[in-house]
Structures are given as structure tokens and as C-alpha cells.
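> Below: sequence and its predicted model.
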Amino acid sequence: MIRPEPVISPIVNDGLISYDSSSGQFIISIREVPRPIEPNQRDLLDLPAFPDLLLSYRSRFTYAHEFGHRLLFIPAGGGWQRAIQVVAQQNGLTPQHEVVRRLSRREEEVCNQVAGDLLVPAWALHRIFSAELTTPHGFYDALRRGSRLLRVSYECLLIRLGRAIRYKDLPHTPGFCAFLATESEDKSGAGRSSWDFRLRVALIPKAVGEGQLRQVFSGLSVKFLGEDFLACLAATRVGGTAGSPLPLTLSLNLRAAKGKEPVVAKLVGWGTALSRGGERVDRNPVLLWGVLEPA
């Protein structure tokens with residue numbers, strides 16, 4: 001059993017789940033202190049476990065992520081231990097061993113997926129994105145509405161949407177794509193730093209025309225997608241008003257299937273700067289979406 005209320009601990013990096021043998025419960029610790037619920041929020045939220053406190057979007061994801069770790073504990077030594085730790089001990093492997101590190105990375109990925117499924121269930125995803133996505137306001141309005149209703153970040157909602165599209169769990173326009181990018185600091189070895197746009201989420205189809213595409217992973221500098229893409233992000237950030245999509249047409253350089261030549265595609269759609277609202281978000285987030293077509 002998991003104790004519903006989290007423990008607020010300043011010594012954890014983000015979140016942690018542990019087994020308390022004295023109570024026979026798993027306890028989830030998080031770093032962030034919940035804030036009081038405003039009077040006008042009480043009618044909108046149903047929080048039986050937290051009647052007076054409200055977790056931020058980030059802490060909600062952290063809690064759900066640690067819940068996922070609980071599924072990967074097994075009975076051992078009269079209590080419960082992470083399955084990876086038990087296997088490592090039985091085989092004399094240290095936490096730094098490549099096999100253990102690889103399994104740990106995979107466990108983190110699984111727990112992220114569990115958190116996404118818990119916070120954004122399939123029925124909610126279908127309701128939120130039931131309207132046409134490839135319109136000036138359809139996708140952005142659905143994303144903003146879903147984030148507020150489910151109390152999850154844009155990033156969490158986009159990743160969950162991407163999985164649903166990839167596995168054909170959600171009807172969508174062929175060629176639909178979306179990119180969430182933010183500015184991040186790029187520090188050089190000489191101590192100098194500069195700001196560079198990097199992708200947080202990229203939803204792209206499996207193919208454009210006859211060209212098969214590889215997935216674009218988080219953290220990639222947008223300069224690898226072409227100067228056109230970078231210039232569009234900068235223009236949207238500077239000239240766009242949050243919530244007011246700007247029409248755009250630009251070319252992208254996308255990674256092709258292994259052994260194939262890169263694919264040049266055309267994105268026809270819209271872009272908007274994202275407002276910060278009440279949640280902390282990264283520096284200058286920009287959202288682009290539309291349909292990918294052969295160049």
C-alpha cells in the first residue's frame with residue numbers, strides 16, 4: 001500500500017519512493033512544498049487526499065512517476081526492494097555497472113509512461129483532442145484546455161498525445177506534427193554561454209510521402225532541423241502573442257530511416273508563443289504545429 005499523502009523533504013532531488021517497514025507502507029517523498037488551495041479552486045478540484053494543499057503540475061507528475069516505481073519493487077529480505085537492486089546484488093554488480101545503469105534508464109522511461117497514463121487517461125485524451133487538430137486554434141485551444149483540466153504540463157500532454165497517435169489509439173489528420181521548443185543555456189568549455197533553442201517534444205509522422213522518418217528525441221538542438229525552422233521559432237517568440245497563432249510555411253530537414261538519405265519536408269501550419277500562466281515553464285517556450293508534406 002502507498003500512503004496517499006507525500007512527505008515533503010528538501011533532501012530529495014525531485015522525488016523518491018521507499019518502503020517503511022514499521023507501517024508496512026510505501027512512502028513517496030517530494031521536494032516541492034504544496035501551496036494552499038485558493039477558495040475559488042475548491043469548487044473545481046476534487047482532492048480528497050489533499051484538502052488544504054495543492055501540488056504543482058511538476059509535483060503531480062513526480063508523485064505519479066514514483067507511483068510507477070512501486071510496480072517495480074519485489075518482496076525481498078522481509079520487506080520490499082527495487083527489482084533492479086535485488087538482481088544487481090545477486091550478480092555482484094555495482095550501481096555503476098553498465099547493465100544496471102541501462103536497466104535503471106529503462107525503468108525511468110517506464111515510470112514516465114506510467115505517470116503519463118495515470119495523469120492523462122485515454123478517455124480524457126479522446127475528449128480533449130476530439131476536434132480537428134490542424135486548424136489555427138483547434139490544437140492550441142485543446143492543448144491549453146487539457147493542461148488546465150488535468151493539471152499537467154504541455155510537455156506531459158504532448159508526449160501522451162504522441163504515444164496515442166503513434167500506436168493509432170487516436171484518430172488524427174495524416175501528416176499531423178507538433179513541436180515544443182524552449183531556449184536553454186549552452187555552456188562552452190571556455191566558460192562562455194549562449195542560448196539555443198532545443199526541442200522538448202516532437203510529434204512527427206512515421207513517413208512523409210515515400211520517405212520513412214525516425215523519431216526526433218528531446219534535447220535536440222533545432223539547428224539540426226534547418227535554418228528555416230530556427231528562424232521561424234525566433235520570429236514566433238519575438239513577434240507572436242501568446243495564444244494568437246501565426247500562419248507559417250517552412251522546410252525541415254528530418255532524419256530518415258537507418259541507411260537512408262535525410263528527408264526534406266514542408267511544414268504548413270501555425271506557431272505561437274506559450275504563456276507562463278500560473279506554472280513555472282522553461283525560457284520562451286514556442287509551439288509549432290500543422291501538417292508535414294513532401295517538399
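Great, that's in hand.
> mind listing what's buried in the host helix or strand of His126?
Using DSSP states H and E, His126 falls within helix 122-128. Going by neighbour count (16 or more other Cβ atoms under 10 Å), the buried part of helix 122-128 is Ala124, Leu125, Ile128. Every residue, glycine included, has its C-beta placed from N, CA and C.
> Give me the spatial nearest neighbour of the last one, chain neighbours excluded.
Once flanking residues are discounted, Ile128 sits nearest to Gly146: 3.9 Å by Cβ to Cβ, 6 or more residues apart in numbering.
> what sits against the one you found?
Shown in contact with Gly146 (Cβ atoms under 8 Å, 6 or more residues apart in numbering): Val120, Ala124, Leu125, Ile128, Phe129, Val152, Leu157.
> would you turn these into a markdown table with pLDDT and distance to Leu180?
Formatted as a markdown table, these follow (pLDDT from 0 to 100; distance: Cβ to Cβ, whole Å):
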| residue | pLDDT | distance to Leu180 |
| --- | --- | --- |
| Val120 | 94 | 15 |
| Ala124 | 90 | 19 |
| Leu125 | 90 | 17 |
| Ile128 | 88 | 16 |
| Phe129 | 87 | 15 |
| Val152 | 92 | 13 |
| Leu157 | 94 | 10 |
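> Then the residue nearest to Ile128 would be within a helix, right?
Yes. Checked against DSSP: H, G, I helix; E, B strand; the rest coil, Gly146 lies within a helix.
> Asp20: how many residues sit nearby?
By other Cβ atoms under 10 Å, 13 other residues sit near Asp20.
> Read off the pLDDT value for it.
We have a pLDDT of 93 for Asp20.
> In the sheet, which residues pair with the residue nearest to it when sequence neighbours are not counted? Tell me.
Closest residue to Asp20 apart from its sequence neighbours, by Cβ to Cβ, 6+ apart: Ile27 at 5.3 Å. Going by DSSP bridges, Ile27 is paired in beta bridges with Ser18.
> Please, where are all the helices along the protein?
With helices called from DSSP state H, the chain shows them at 57-70, 83-90, 98-119, 122-128, 138-150, 154-166, 227-239.
> Confidence-wise, which of these is weakest overall?
Note on these: lowest mean pLDDT is at helix 227-239, with a mean of 76.
> Just the buried positions in that one, please.
Residues Asp228, Phe229, Leu230, Cys232, Leu233, Thr236, Arg237 are the ones in helix 227-239 that count as buried (16+ other Cβ under 10 Å).
> from the chain's centre, how far out does that helix sit?
From the chain centre to the centre of helix 227-239 is a distance of 22 Å (Cα atoms, centre = their mean, to the nearest Å).
> list the helices and strands it packs on?
When contacts are defined as 3 or more Cβ pairs under 8 Å, 6 or more residues apart in numbering; DSSP states H and E, helix 227-239 packs onto strand 193-203, strand 246-254, strand 263-273, strand 283-294.
> Dump those strands to CSV, plus mean neighbour count.
Below are the helices and strands packed on helix 227-239 laid out as CSV (neighbours: other Cβ atoms under 10 Å):
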stretch, mean neighbour count
strand 193-203, 17
strand 246-254, 18
strand 263-273, 22
strand 283-294, 20
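> Nearest to Trp80, out of these?
Of all the helices and strands packed on helix 227-239, strand 193-203 sits nearest to Trp80, with 33.8 Å by Cβ to Cβ.
> For the closest one, C-alpha coordinates in PDB please.
Below are the C-alpha coordinates for strand 193-203, written out as PDB (Å, rounded to 0.1, in the frame of the first residue of the first chain):
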ATOM      1  CA  SER A 193      27.500  30.500 -22.500                       C
ATOM      2  CA  SER A 194      24.900  31.200 -25.200                       C
ATOM      3  CA  TRP A 195      21.200  30.500 -25.600                       C
ATOM      4  CA  ASP A 196      20.000  27.800 -28.000                       C
ATOM      5  CA  PHE A 197      16.500  26.500 -28.900                       C
ATOM      6  CA  ARG A 198      16.100  22.800 -28.100                       C
ATOM      7  CA  LEU A 199      13.200  20.500 -28.600                       C
ATOM      8  CA  ARG A 200      11.300  19.400 -25.600                       C
ATOM      9  CA  VAL A 201       8.700  17.300 -27.600                       C
ATOM     10  CA  ALA A 202       8.500  16.400 -31.300                       C
ATOM     11  CA  LEU A 203       5.400  14.700 -32.700                       C
END
